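Q: heads up, no residue letters with this:
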């Protein structure tokens, strides 16, 4: 049973792009599923943090959306925790597609759960 | 005289699930100090207020939003 997951990584800004990509490859190899498309990466790049994490003011944000079986997650999380290049990460069950926020017009089809 | 009920800003913008990553919209529901605005002040509906609070807490954990704004730690 596979689920949609979304993970946000905050990498140490001292790392270069190649090191970050190599780490991402290693992490995503752990959750590789046959017949499922590879994780969709969204690279936010370097951003200043709202508060210092591990004495660092900036972090390199990368967001990955992927689909995997739940059994693969503990191993995946352990690998991230062991890696000290990752300041912080957050794995979240993907709550459905994010509709593009339309301008404040009344949407015609009124669907309410 | 009963005030006209405020409409929920998130319902207005047609967003169904509050996204914890876009902190620009989340910022509108915080006080200057960075605390979560109560629904009675922001007029948000209960469903979106629940989603909003979890989204803000996740954004805080990811350092997208400060826990306390203007805090010199």
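A: Received, thanks. Since we're looking at a predicted model, the values are computed, not measured. Numbers count the residues shown, from 1 in each chain, chains lettered A, B, ... in the order given.
Q: who touches residue 39 in this structure?
A: Going with chain A. Taking CB atoms under 8 Å, 6 or more residues apart in numbering or on different chains, we find residue A:39 in contact with A:28, A:31, A:64-66. Every residue, glycine included, has its C-beta placed from N, CA and C.
Q: my question was about chain B
A: Residues near residue B:39 by CB under 8 Å, 6+ apart: B:45-46, B:49.
Q: Quick check: helices, which of these are part of them?
A: Per DSSP state H, helices hold the following members of the contacts of residue B:39: B:46, B:49.
Q: By neighbours, which of the contacts of residue B:39 wins?
A: Highest neighbour count within the contacts of residue B:39, by other CB atoms under 10 Å in any protein chain shown: residue B:49, with 20 neighbours.
Q: Return the distance of the closest residue in space to it that isn't next to it in sequence relative to chain A.
A: Nearest residue to residue B:49 in three dimensions, chain neighbours excluded: residue B:39, at 4.3 Å (CB to CB, 6 or more residues apart in numbering or on different chains). Note on residue B:39: its distance to chain A, by CB to the nearest CB, to the nearest Å, is 18 Å.
Q: Same check on residue B:36?
A: Taken as CB to the nearest CB, the span from residue B:36 to chain A is 15 Å.
Q: Mind listing the residues bridging to that residue?
A: Going by DSSP bridges, residue B:36 is paired in beta bridges with residue B:30.
Q: Likewise for residue A:86?
A: Residue A:86 has the following beta-bridge partners by DSSP bridges: residue A:11.
Q: Pretty sure it sits against residue A:77.
A: No. Using CB atoms under 8 Å, residue A:86 is not in contact with residue A:77, being 10.8 Å away.
Q: Right, I'll leave it there.
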